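[1] the sequence and its predicted three-dimensional model are supplied below.
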Amino acid sequence: MAIDRNKVISDMSKVKAEANPDGIIPAFNVLVNQMPAQFWNGFTRRMVDAVADDVKDAVEELLINAAHECGYHTGYGIITSKEWDAIVKPMVGGVEDVLHGAFAVFTAWGWAKSEIVELVPGKRMVVRAYDYYEADIALDYPGKKAPRPMAYMVRGVSAAFMDLAYGGAYDATGAKGLYSFRCKQTKGIEKGDQFGEFVVVPAAEYESL
Amino acid sequence: MATLKLTHRFDADRCRHYIGDLVSVLHCHHYATLFTQLGIDAKDLVDGTKILKEVTEDVAHGVLTKYYSQNGVSDPQERLEIGQQLYSFYGLGKMTLVSPSAGGGTVEMSTTHVDEGWIKKWGKAKTPVNYIGAGFLAGLFAAAFDKPVRTYQVEEKQSRAMGAAKSIFAVSL
């Protein structure tokens, strides 16, 4: 049975995050927050803009790594959650369905309206994102166009989902599995493209992309 | 006591969540603490913790100023109460304002997203790490007392991430 993407998005988008009396939101085996997207975009943009050109790549890698770790641990929390079991798991027939389901959840939670458009199991994944909050970074640049691809969160999480699918058993310490894959952003709405495109390959093959 | 009222909606076409009229997104403690660590580690390149505080201050000030205007909240005490509730609504923790005034005050936090997340991820911290909380307080005090951003200085004097029972912040002009 294939993933019914529309049903997953519809059902998962209704999952609410509500703080407990201590102002904390424990969910999916992590603590979550629900701040405005402009906070995440604001920090990202100011950090990248503040550093010299010769170290922008290093800062970008750290931003990607933050999302990569987040995606690995929270992603695992999602695919082992009661919500996943109730909504997505009945449609899952294999690892590839888990990946398609994960991107439907990614979409439902407002990270990126995204889907897998190419998948070679264990080797390569291409994701397209038709709307994502990181694209709003462009609004703060002249001409509303970012100088570079800046969807660092989508890049990190896309690679993390491949880690979870093909990087071996989940390791809560992150010592194994995490960073098995890396992601390159080849198109970006923030740069003026119609959609964002993200190519994920094994880490050892990343430099040849 | 003033009560925060916010609406949530999902735009099924764009697949975005809105709290009030702002795009909102769920993120985990790994992301928040790694952003914080990034701000700390970048000290030789850029003052990342200052950026983290200022971004949070700008967002909190903007959200609260708009909320007060749209909902006719003019009393500073009520404004502070709304801000306290917004902090918890975002999942950032629970704060108690101790004798707040336009001149500043002391703020205690019995829980915080950043501190609990930091301990969960890495164990005890060596220095205070809740720059997001500090920035939120700067934005809250400025919005509550009709001041511009960068009016208040906020210093974390005691940190849950370092092992204290509660975090304590000093807010001053």
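    Cool, the structure landed. Computed from a predicted structure; not experimentally measured.

[2] and the regular element (helix or strand) spanning A:Pro26, which residues are buried?
    Using DSSP states H and E, A:Pro26 sits in strand A:25-27. By neighbour count on 16 or more other CB atoms under 10 Å in any protein chain shown, the buried set for strand A:25-27 is A:25, A:27. Quick note: C-beta positions are derived from backbone N, CA and C, even for glycine.

[3] residues in contact with it?
    With CB atoms under 8 Å, 6 or more residues apart in numbering or on different chains as the test, strand A:25-27 has contacts from A:17-20, A:31-34, A:77, B:91, B:113.

[4] with distance to B:Arg79, neighbour count and pLDDT as added columns, please give these in CSV.
    Formatted as CSV, these follow (distance: CB to CB, whole Å; neighbours: other CB atoms under 10 Å in any protein chain shown; pLDDT from 0 to 100):
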residue, distance to B:Arg79, neighbour count, pLDDT
A:Ala17, 25, 19, 85
A:Glu18, 23, 9, 91
A:Ala19, 20, 23, 95
A:Asn20, 24, 12, 97
A:Leu31, 27, 25, 92
A:Val32, 26, 25, 92
A:Asn33, 22, 27, 95
A:Gln34, 21, 21, 95
A:Gly77, 36, 17, 89
B:Gly91, 21, 27, 97
B:His113, 22, 30, 98
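
[5] coming back round to it: paired strands for the strand holding A:Pro26, with orientation please.
    With DSSP bridges as the test, strand A:25-27 is paired with strand A:30-33 (antiparallel).

[6] got the contact list for the partner strand?
    If you take CB under 8 Å, 6+ apart as the criterion, strand A:30-33 is touched by A:17, A:24-26, A:73-74, A:77, B:26-30, B:32, B:90-92, B:113, B:116-117, B:120.

[7] restricted to helices, list those residues.
    Among those, DSSP state H puts A:73-74, A:77, B:29-30, B:32, B:113, B:116-117, B:120 in helices.

[8] closest to A:Tyr130 out of the residues you listed?
    A:Thr74 (22.2 Å; CB to CB).

[9] let me know the pLDDT of the residue nearest to the closest one when sequence neighbours are not counted.
    Distances taken as CB to CB, 6 or more residues apart in numbering or on different chains put B:Cys28 closest to A:Thr74, at 4.4 Å, once the chain neighbours are dropped. B:Cys28 is assigned 90 on the pLDDT scale.

[10] likewise A:Ala27?
    Model confidence at A:Ala27 (pLDDT) stands at 87.

[11] I figured the residue nearest to A:Thr74 was touching A:Gly75, is that so?
    No: at 9.8 Å, B:Cys28 does not count as touching A:Gly75 under the criterion of CB atoms under 8 Å.

[12] pick out whichever of the two has more residues nearby.
    B:Cys28 (26 against 23; other CB atoms under 10 Å in any protein chain shown).

[13] B:Tyr68 and chain A, how far apart?
    As for B:Tyr68, its distance to chain A is 16 Å (criterion: CB to the nearest CB, to the nearest Å).

[14] list the helices and strands the strand or helix carrying that residue packs on?
    Here B:Tyr68, judged by DSSP H and E, is contained in helix B:48-71. For helix B:48-71, the packing partners by 3 or more CB pairs under 8 Å, 6 or more residues apart in numbering or on different chains; DSSP states H and E come out as helix A:37-50, helix B:29-41, helix B:76-89, helix B:131-144.

[15] identify whichever of the ones you listed lies nearest to A:Ala67.
    Across the helices and strands packed on helix B:48-71, A:Ala67 has its closest neighbour in helix B:29-41 (6.7 Å, CB to CB).

[16] report the angle between the axes of the closest one and helix B:48-71?
    Helix B:29-41 runs at 130 degrees relative to helix B:48-71, counting by axes from the mean of the first three to the mean of the last three CA atoms, to 10 degrees.

[17] and the angle from helix B:29-41 to helix B:131-144?
    Calculated by the same axes, to 10 degrees, helix B:29-41 forms an angle of 90 degrees with helix B:131-144.

[18] ok, B:Lys43 - contacts?
    By CB under 8 Å, 6+ apart, the contact set of B:Lys43 is B:Thr49.

[19] can you tell me the SS state at it?
    Judged by DSSP: H, G, I helix; E, B strand; the rest coil, the three-state class of B:Lys43 is helix.

[20] now do it against B:Asn130, distance only.
    B:Lys43 sits at a distance of 17 Å from B:Asn130 (criterion: CB to CB, to the nearest Å).

[21] go ahead and flag the most central residue of the chain.
    Reading this off chain A. With distances taken as CA atoms, centre = their mean, A:Val157 lies nearest the centre of chain A, 3.0 Å away.

[22] wait, I meant chain B there
    Centroid-nearest residue in chain B, with CA atoms, centre = their mean: B:Phe136, separated by 2.8 Å.

[23] give me the nearest residue to that one, chain neighbours excluded.
    B:Ala60 is the one closest to B:Phe136 (CB to CB, 6+ apart), at 4.6 Å.

[24] residues in contact with stretch B:157-166: which ones?
    Residues outside stretch B:157-166 that contact it (CB under 8 Å, 6+ apart) are B:108-112, B:114-116, B:118-119, B:124-130, B:167-170.

[25] pull out the buried residues from those residues.
    If you count burial by 16+ other CB under 10 Å, the buried members of the contacts of stretch B:157-166 come out as B:109, B:111-112, B:114-116, B:118-119, B:125, B:128-130, B:167-170.
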